[in-house]
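# I would like to see how this sequence folds:
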Amino acid sequence: MTTALIFAGGTGRRMNSRSKPKQFLEMHGKPIIIYTLEHFEYHEDIDNMVIVCIREWIEELRGFLKRFGITKVKKIVPGGKTGHDSIHFGLLGMREFVSENDIVLIHDGVRPLINEELISMNIEAVKKYGNAITSEAVRESVVRSTDGKSISDVPPRDEMFVAKAPQSFRYGDILKLYETAFAEGVKSIDSAHLCHLYHRPMHLIHSTKNNIKITEPADFYIIRALYEALESQQIYGI
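Take a look at the predicted model:
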């Protein structure tokens, strides 16, 4: 069985949107999170979904799921204070219906420009290698600074990638990591970072293009423009 764990527990403080969290901002009359969920809803290898959501917005989310015909959501779990906590709560929330060997794809609710191919690549990589970290090659040089004032290192650009999502695992493996981190008081940026902290080997898969996460206001407008361009290609064949 394969489950998508979608975390949408953030308030989007950097978005400067006081009326609603960024995952509920609408694009052409549809919330961003619904665009994201549809990719998993329509993928034949995804059996169900678990969503981690801001507690105060859970009922609103239920209404959107019904309105837009999202049927694979098995459970909605209240989010935590951090993304790390939200993923942990989501993993715990699926214990009752997911087994250790099942596959879990962890994905941002505000990363809507993925596609069927990328989901399939994640699933196949977990079957073959045990996990999959969606990553994109950097397009510019990366510099490292230990003090924020001087550059201490310039790594070879062809070795540098940006970790994206989905990040996918066997359920038992990733739950054990989050449980260990909880017991030891360790917090991570994302699941790939947690694997690194505990020296777990990771398999890289190359992301499809435009796999952008909405973090700041400009990201929303970029994604809207990209979505409209993709729609035009499908409609007019350009």
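# Any regions of this structure where pLDDT drops low?
10-19, 233-238 (pLDDT under 70).
# ok, which stretches of it are helices?
Taking DSSP state H, the helices of the chain run over residues 32-41, 58-67, 83-93, 116-129, 171-184, 191-197, 217-236.
# Ok, which of those helices comes nearest Asp147?
Closest to Asp147 of the helices of the chain is helix 191-197 (Cβ to Cβ; 21.3 Å). All C-beta spots, glycine's among them, are computed from the backbone N, C-alpha and C.
# thinking again about what came up before, turn the helices of the chain into TSV, columns for mean neighbour count.
Below are those laid out as TSV (neighbours: other Cβ atoms under 10 Å):
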stretch	mean neighbour count
helix 32-41	22
helix 58-67	14
helix 83-93	21
helix 116-129	17
helix 171-184	16
helix 191-197	19
helix 217-236	13
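# By residue count, tell me the biggest strand in this structure.
strand 161-170 (DSSP state E).
# Return it as PDB; C-alpha atoms alone will do.
Extracted in PDB, the C-alpha atoms of strand 161-170 (Å, rounded to 0.1, in the frame of the first residue of the first chain):
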ATOM      1  CA  PHE A 161      21.400  19.800  -5.600                       C
ATOM      2  CA  VAL A 162      18.400  21.300  -3.800                       C
ATOM      3  CA  ALA A 163      16.300  18.900  -1.800                       C
ATOM      4  CA  LYS A 164      12.600  19.100  -2.900                       C
ATOM      5  CA  ALA A 165       9.600  16.900  -2.400                       C
ATOM      6  CA  PRO A 166       8.200  14.300  -2.400                       C
ATOM      7  CA  GLN A 167      10.600  12.600   0.000                       C
ATOM      8  CA  SER A 168       9.600   9.000   0.200                       C
ATOM      9  CA  PHE A 169      10.300   6.000   2.500                       C
ATOM     10  CA  ARG A 170       9.200   2.700   3.900                       C
END
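# Which residues does that strand contact?
4, 100-108, 111, 114, 118-119, 122-123, 125-126, 130-138, 190-193, 204, 207, 211, 213 (Cβ atoms under 8 Å, 6 or more residues apart in numbering).
# So which of those residues sit within strands?
Short answer: the contacts of strand 161-170 in strands (DSSP E) are 4, 103-108, 131-137, 204.
# Show the buried residues in those residues.
4, 103-108, 131-136 (16 or more other Cβ atoms under 10 Å).
# tell me which of the residues you listed is nearest to His28?
Looking across these and measuring by Cβ to Cβ, the closest to His28 is Asp108, at 20.0 Å.
# next one: stretch 20-35 to chain centre, how far?
Relative to the chain's own centre, stretch 20-35 is displaced by 15 Å; criterion: Cα atoms, centre = their mean, to the nearest Å.
# ok, how many other residues are close to the closest residue to Phe220 other than its chain neighbours?
Once flanking residues are discounted, Phe220 sits nearest to Ile214: 5.4 Å by Cβ to Cβ, 6 or more residues apart in numbering. Neighbourhood size, Ile214 [other Cβ atoms under 10 Å]: 28.
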